[in-house]
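A.B. asks: Here is a sequence together with a model predicted from it:
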Amino acid sequence: EETFRSLDEEKTVVDIGEALCEKLNSLGIGTVHDKTMYDLTDFNKSYNYSREGIKEALSKYPTIRFVIDLHRDSVFDSEDNNIKPLTTLNGKKCAQLMLVVGTNQGGSDHPGWRDNLTFATHLQQKMNDFYPTLARPINLRTAAFNQALAKGSVLLEVGSCGNTVEEAENAVLL
């Protein structure tokens, strides 16, 4: 009964991002969590808006090593039914994760995309080592998704809009 979009942070990827941030911090990985919903005013310009936010964070915190752009995928079958990538781990239903890596194949100025692919490959391998059914295959795309701004940049799809927020949070808290 959840909607695809909400202004209530507890029903969006902002909440999932906060859970991921807390998990990373608990592991000793300091994080900066930008809670801005860049797609509110114009969905089609959300990457333009988020680009400025990423630049600002990288300028303010020059020691940032990784940039994770958090999303929930939209996956539908041929009859327009919402698909929810799901697995069960440690007795909990978890949204499956997918790393998306942009390239320069679509004409984007992204000469370092292979560095991001290397990072994503290592991250995917660790996920597979600990939770073999958690990760969907890495999705290599022709768009750059602002990933040219920093090495170690990935887009992380936490399930889809078919998954519940609880399933998405369960996945990032593993």
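C.D. replies: On my side now, so go ahead.

A.B. asks: And what about the residue most central in space within the chain, helix, strand or coil?
C.D. replies: With distances taken as C-alpha atoms, centre = their mean, the residue of the chain nearest its centroid is Leu156 (2.1 Å). Under DSSP: H, G, I helix; E, B strand; the rest coil, the three-state class of Leu156 is strand.

A.B. asks: Please enumerate the strands of the chain.
C.D. replies: Ranges of strands within the chain are 67-73, 86-89, 92-95, 97-102, 139-141, 153-160, based on DSSP state E.

A.B. asks: of those, which approaches Thr31 most closely?
C.D. replies: Closest approach to Thr31 among the strands of the chain (C-beta to C-beta): strand 67-73, 8.8 Å. Placement of C-beta: from N, CA and C, glycine included.

A.B. asks: deepest of the strands of the chain, which one?
C.D. replies: Comparing the strands of the chain by mean neighbour count (mean count of other C-beta atoms under 10 Å), strand 153-160 comes out on top with a mean of 25.

A.B. asks: so how far is it from its chain's centroid?
C.D. replies: Distance, stretch centre to chain centre, for strand 153-160: 3 Å (C-alpha atoms, centre = their mean, to the nearest Å).

A.B. asks: and Val101, what are its bridge partners?
C.D. replies: Taking DSSP bridges as the rule, Val101 bridges to Leu140.

A.B. asks: Okay, the residue lying closest to Pro137 once chain neighbours are set aside and Asn116: tell me how far apart.
C.D. replies: Nearest non-adjacent residue to Pro137, counting by C-beta to C-beta, 6 or more residues apart in numbering: Met98, 7.3 Å away. Going from Met98 to Asn116 by C-beta to C-beta, to the nearest Å gives 14 Å.

A.B. asks: Now Thr164, what are its backbone angles?
C.D. replies: Reported as degrees, to the nearest 10, the phi and psi values for Thr164 are phi -80, psi 160.

A.B. asks: Counting neighbours, what do you get for it?
C.D. replies: 16 (other C-beta atoms under 10 Å).
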